[in-house]
Every structure is written in C-alpha cells, then in structure tokens.
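Novice: Sharing a model that was predicted from the sequence below.
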Protein chains: 2
Amino acid sequence: MCELLGMSANVPTDICFSFTGLVQRGGGTGPHKDGWGITFYEGKGCRTFKDPQPSFNSPIARLVQEYPIKSCSVIAHIRQANRGMVALENTHPFTRELWGRNWTYAHNGQLSGYRSLQTGQFRPVGETDSEKAFCWLLHQLTQRYPRTPAKMDSVFRFIATLAAQLREKGVFNMLLSDGRYVMAFCSTNLFWITRRAPFGKATLLDQDVEIDFVQETTPNDVVTVIATQPLTGNETWQKIMPGEWALFCLGERVV
Amino acid sequence: MCELLGMSANVPTDICFSFTGLVQRGGGTGPHKDGWGITFYEGKGCRTFKDPQPSFNSPIARLVQEYPIKSCSVIAHIRQANRGMVALENTHPFTRELWGRNWTYAHNGQLSGYRSLQTGQFRPVGETDSEKAFCWLLHQLTQRYPRTPAKMDSVFRFIATLAAQLREKGVFNMLLSDGRYVMAFCSTNLFWITRRAPFGKATLLDQDVEIDFVQETTPNDVVTVIATQPLTGNETWQKIMPGEWALFCLGERVV
C-alpha cells in the first residue's frame, strides 16, 4: 500500500510540515520504501519532484522539506511497490495534459483485471495498474467531453462514477487535481482537515515536530490537508467514507 | 533568446559540469534571467527541475549542480522571455507522452504566425510559441503515424521536415528526446562535442572551473554534449549548420 497527501489552499501555502510527516513514513516509521513524489501547482504550471528511492534519506526530499515551495494545490505520494517494478516511470504522481490543463493523479491501492482498460490516445509509459487506470479515466473524459467542459462540478461527479468503477476492481483511493480543484476519492482510507482562524498548534504523529500555525498564517488563510491517515495527533480529522469522495477548491470543501 | 543544453551518453553520466556553465548564463554572465529547466531520463521515466526564477541564484539549480543525477539523455534550457509571460507553465523543457514514451522538447528562438498551427488532441497549457509548436509537431506525428512506428530514424527524418517548416516562421533551434534519442535541429546556433577516451581536461568559459574527465569516466564512456554556444574554451566543438540537424543515441551521432 501507499500513502497519499494532498493540499488545497486559498493562498500559496507551503506543505513542509505535512510533507515532513509523510517522508518519515517512507522507510522511516513506515514501510513505503519504494519511491515518493510530490507535485506543486503554480498557476497552470506545475513542478514535480520524485525519486524511486526511499523518501526518508532522499536528497531531493530534503530539498522539498527545506525549501518552502508555496502552492494552492499539491498532490504527493509515497509508494510500496505492488504492481510494476521500482522505477522512475512507475513513481507517482502522474501528470498529463487534458483540455489545456495539467492533471495530476496519485493512487493508493491495487487493482485486478485492469489490463483490458481502453486508454485511447493516452498510453501508459510505465507498467503500473495506477497509471493504466489514470489513462483510462482521461480517455473516458475525452469521450464524454470532446470539448472543454464549462461546469467542472459535473466533470468531477462523472469522475466519481469512473472511480467507483475502478474500485470494483480492487482498492482505489485517489487524489486528482487540475491545479484549481483537488478531488479525493476514498476506497478504504482517506482523511481530511481544514485549518482556518483561529489557528492552533499541531504535533506530527511521526516525528517530534510541533508547528504553531498562528506564526505561519494570516487570519484569512484556509488550508485543507488530505491524507491516507491523520498526520497530527492533537487535531480532529474527518474521515471520507469508503465509496465516497470530496472536492476542494481554494481550501474549502465544495462537494 | 535562450540557451539550450543537451546530453547523450552510453552510460548514465552526470551533467553537473556543463550545467554549471549554463547556469552562470542565467543572469550571471548572460541575460537569460527568465527561468530555466532541465529534464533527466532514467529509463522510460524522466524527472524535470524547473524554475521561473533566474538559474544563477536558484536553490533548485544549486541542488541539480550539487546532486549528481546520472542519466543517458538530458535536455536543458534557460530562458529570456519573448513570447509568454514569466511563469512556470511557460518554462522549458516541455514533456508530453506519445506512443507510450515521454517526449521532451526545448526551443530557442521566436516564431511568427504560429497561432494558426493545428494541435489536435495536444493542447498547450501555457502561452508560448514554443509549446504551441511542440503540440503541433506531436499532432503531426500522430497523423503520420497512427500506430507506434518501428523505424525511429524515419520518424526523426520526418520531424526534421516539420522543424524546417517551423524555421520558416522565425528562429527554431530545438532539442528533442524520447529518452533514447536526442535530436538537435539548428536554425541559427547549435554546437556539439563527443568526448571519449583518451579523455583530457576541459575548462568552462563561464566560470573558473576545470574538470579532468579522466577522473570522472571509464575508458568505454562516450558522452556527447550539445549547446547553443561552446561551453568550454580548450576543446573543439562541431557546429551544426543552419537548417541542418543531428541525431544522437547512447553518445554517438547516428544521423
């Protein structure tokens, strides 16, 4: 299994604190030693750092922890390989262009019977069930919406029906973003928390780190973090029920 | 104008030395202050570091200089903005999937009359003439080769005819790679050098750095570097004539 981490915020926010917790699970406090990746959006552009090596001793992971890249939408993943060998092309998140935007996707779980999925013009580069499912999902979207759709909430409702079909093939926890929206589909485990004023202190479960969000934020900031398991011990995280999903935009839950 | 840097090698090789020279031109010794990017292939996977900030004081550029990522195919670019604002989505190189491989592209120059180029299923994310031309090129390839082509030298010959058409719209120096091949198309300026045994010493033109390749290589290594201008002062670089192109695979020139 793998761990997912996502963020949606109304002002560019750094994810150093949450990423520090996740990184420790990459071979430190957790078994997810087969690579990690993180995608930050800056407007329509995005940048991805990834490594097929364990995150807890990766120099690139250290850069990401130390260098506060600020973003309104972030998708991250650490991997314990099940399908597909340990290689860069099998490392999440995956990003593809659709409708002139970068779509970024990370999957936690394992699928059976995925090889017959039709992916049209979107061909997988690696061998994972995850990337194949992503390509199928994008292909389904182009079939349903040959032109750029205007109503994005309808698009995400359609994506949820596709994700539900994939869940029938196994475990399919997913984070998906086009840079504006961050969608979380829960197959087994996904939690989220929205932090806003009055901000308090939070303590990471995986490392002896405490952060005082009052020092790091302004009173208008709204920041949602989504993760496979709660990352902090002294806050209340919301569970997304299996088969359900949530959509976030600028830090707020919109669906 | 911008500067291009490419590498093709028969063993995974780090590009720290050449990248150090290029980075200095990013606002240090050169005027290319509007971002930089570099893509390293590892097998079919690739990783890109990019920044809309000047390279010479970018923490991410420093990481790339200090952390010897070894690769057989590399494409890099530093940018002085002409078309498209300074933003991450306008920062080269651009990578898109075609035929189940990651294709990476960087352009130096400026085009006119590019807005009418048809790009089919490949839509630009940013506003640059460069990305539009890349999308057109990929679309032309899918029209000519609906299925994955077997003879890659024919494919690159066809790409050269497309690049020649783009050159009619302005200046079009290009580096393009699918991870195995590195293609260099020259519109005005592109130089290359192949280093092999017996290796000597080289001195960067842009910074007081010398490297003794004997210390860094084995006798079987073959490494080609391609750049807008020669990066070293004590070696003989080959010029690609305007309108001509070269194709490299595993360090050797193959066309």
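Specialist: Yes, it's here.
Novice: use CA for all of it now, contacts and neighbours both
Specialist: Noted.
Novice: residue of the stretch 51-200 of chain A with the smallest distance to chain B?
Specialist: Nearest to chain B in the stretch 51-200 of chain A, going by C-alpha to the nearest C-alpha, is residue A:89, at a distance of 3.8 Å.
Novice: pLDDT below threshold where in the stretch 101-250 of chain A?
Specialist: By pLDDT under 70, the stretch 101-250 of chain A has no low-scoring segment.
Novice: try it again with 90
Specialist: Residue ranges of the stretch 101-250 of chain A with pLDDT under 90: A:197, A:199-218, A:231, A:233-234.
Novice: what residues does it put near chain B?
Specialist: Residues of the stretch 101-250 of chain A found near chain B (C-alpha under 8 Å from any C-alpha of the partner chain) are A:101, A:102, A:122, A:123, A:124, A:125, A:126.
Novice: Pretty sure the residue of the stretch 51-200 of chain A closest to chain B sits in a helix.
Specialist: Yes. Under DSSP: H, G, I helix; E, B strand; the rest coil, residue A:89 falls within a helix.
Novice: which residues are contacting stretch A:56-72?
Specialist: Under the criterion C-alpha atoms under 8 Å, 6 or more residues apart in numbering or on different chains, residues A:7-17, A:19-20, A:23-28, A:40-42, A:49-51, A:55, A:179-180, A:250-251, B:59-60, B:63, B:67 lie in contact with stretch A:56-72.
Novice: Now do the helices in the stretch 51-200 of chain A.
Specialist: With DSSP state H, counting those that start in this stretch as the criterion, the stretch 51-200 of chain A has helices at A:59-66, A:129-144, A:152-167.
Novice: what's the average pLDDT for the shortest one?
Specialist: Averaged over helix A:59-66, pLDDT sits at 80.
Novice: Next: stretch A:12-26.
Specialist: Averaging pLDDT along stretch A:12-26 yields 80.
Novice: Look at stretch A:184-193 and report the distance between its end residues.
Specialist: Across stretch A:184-193, the terminal residues are separated by 12 Å (C-alpha to C-alpha, to the nearest Å).
Novice: residues touching residue A:198, list them.
Specialist: If you count contacts by C-alpha under 8 Å, 6+ apart, residue A:198 has them with A:214, A:219.
Novice: Neighbours of residue A:86, how many?
Specialist: As a burial measure, residue A:86 scores 18 neighbours (other C-alpha atoms under 10 Å in any protein chain shown).
Novice: give me phi/psi at it?
Specialist: Main-chain dihedrals, residue A:86, degrees, to the nearest 10: phi -80, psi 100.
Novice: From residue A:11, how far out is it?
Specialist: With C-alpha to C-alpha as the criterion, residue A:86 and residue A:11 are 35 Å apart.
Novice: sorry, back to before: let me know the closest of the residues of the stretch 101-250 of chain A next to chain B to residue A:149.
Specialist: Of all these, residue A:101 has the smallest distance to residue A:149: 12.1 Å, by C-alpha to C-alpha.
Novice: Next, count neighbours for the closest residue to that closest one other than its chain neighbours.
Specialist: The shortest distance from residue A:101 to any non-neighbouring residue, by C-alpha to C-alpha, 6 or more residues apart in numbering or on different chains, is to residue B:125 (5.4 Å). By other C-alpha under 10 Å, the residues close to residue B:125 number 19.
Novice: which parts of stretch A:227-242 are buried?
Specialist: Within stretch A:227-242, the residues scored as buried using 16 or more other C-alpha atoms under 10 Å in any protein chain shown are A:227, A:228, A:229, A:230, A:231, A:232, A:237, A:239, A:240.
Novice: Now find how far off-centre that stretch is within its chain.
Specialist: Distance of stretch A:227-242 from the chain centroid (C-alpha atoms, centre = their mean, to the nearest Å) equals 14 Å.
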